[in-house]
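S.K.: Quick one, what's the 3D model for this:
(one chain, ligands or ions: 1)
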Amino acid sequence: MRLRFITDLVSLFYPEVCAACGHLLFAHEKTVCLSCRHLLADTGYEGVQDNPVARMYWGRCRFEAACGIYFFSKKGKVQHLIHELKYKGNREAGLFLGTEMGKKMAASALYQSVDVVVPVPLHPKKIHKRGFNQSEIIAHGIQEITSWPVSTDNLIRSVATATQTKKSRTARWENVKDIFLLQRPGDLAGKHVLLVDDVITTGSTIEACAIALSAAPGIKISVAAAACAPG
Ligand SMILES: [Zn+2]
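M.R.: Prediction:
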């Protein structure tokens, strides 16, 4: 009773706001308000084998399936949610994205055989600075819906890299190609792994992770991101 009183008191002074627009949430809304939810642009890629994200990897990696769930646009709602997650430490924003991804993949025939979720690793120094790995938070949101286990200690990032955003595709590839390492390949032998990232742009990071994961014999890999460029 007393605890309830304290929680009510806290929400009176720190009311919950929408992670995508900052407006106050109504009691029946959670994390993201209804009008922002309507503005999130679904790609529908999770239900289609041949889609622009999957095509981006043709001739680079062999994936069972690949998708981004929402279209990323500058100043759009998805960008705001990812910004909240990465730079403001708003884990709820990441869990929201993950649960929405989980619902979409659970309803798709392409992801039914997934055994384990592997978030794209961050270098420990960056985790220390940020406090968490944003892809791992998204992965836990996916797990809430699908119950797929999340593996965070097998695929590791061994080298810290400079920010990717201002580099060309070739420069990005040079930057990431050798930085991931699968520590215990046997653990993922014969498994269907879902690699998870926040945003897919050129796909270099995912490609480098996939190369490291291929050390596991008989592994199958799929990819899912919260957002991808319109294409
Ligand atoms: Zn909103």
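
S.K.: Which strand residues bridge the spatially closest residue to Ala212 that is not a sequence neighbour?
M.R.: Nearest residue to Ala212, sequence neighbours excluded (C-beta to C-beta, 6 or more residues apart in numbering): Phe180, at 3.8 Å. From N, CA and C alone the C-beta is placed, and that goes for glycine too. Beta-bridge pairing of Phe180 under DSSP bridges involves Arg157.

S.K.: What count of nearby residues applies to Phe180?
M.R.: Other residues near Phe180 come to 20 when the count uses other C-beta atoms under 10 Å.

S.K.: So it is in contact with Ile211, correct?
M.R.: Yes: taking contacts as C-beta atoms under 8 Å, Phe180 lies within contact range of Ile211: 7.5 Å.

S.K.: related to what we said a few turns ago, quick one, what contacts the residue nearest to Ala212?
M.R.: Pro121, Leu155, Ile156, Arg157, Ser158, Ala208, Cys209, Ile211, Ala212 (C-beta atoms under 8 Å, 6 or more residues apart in numbering).

S.K.: So the second one sits against Ala210, correct?
M.R.: No: contact between Leu155 and Ala210 fails when scored by C-beta under 8 Å: they sit 10.1 Å apart.

S.K.: Which helix or strand lies directly C-terminal to the helix ranked longest in the chain?
M.R.: If you go by DSSP state H, the chain has its longest helix at helix 91-106. Using DSSP states H and E, the helix or strand that follows helix 91-106 in sequence is strand 116-119.

S.K.: could you dump the helix or strand that that following strand is followed by to CSV, C-alpha only?
M.R.: Scanning forward in sequence from strand 116-119 by DSSP H and E, the next helix or strand is helix 124-130. Written as CSV, here are the backbone C-alpha positions of helix 124-130 (Å, rounded to 0.1, in the frame of the first residue of the first chain):
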residue,chain,number,x,y,z
PRO,A,124,33.5,-2.9,-23.7
LYS,A,125,34.9,0.6,-23.5
LYS,A,126,31.8,1.9,-25.3
ILE,A,127,29.5,-0.1,-23.1
HIS,A,128,31.3,1.4,-20.1
LYS,A,129,30.8,4.9,-21.5
ARG,A,130,27.1,4.4,-22.5
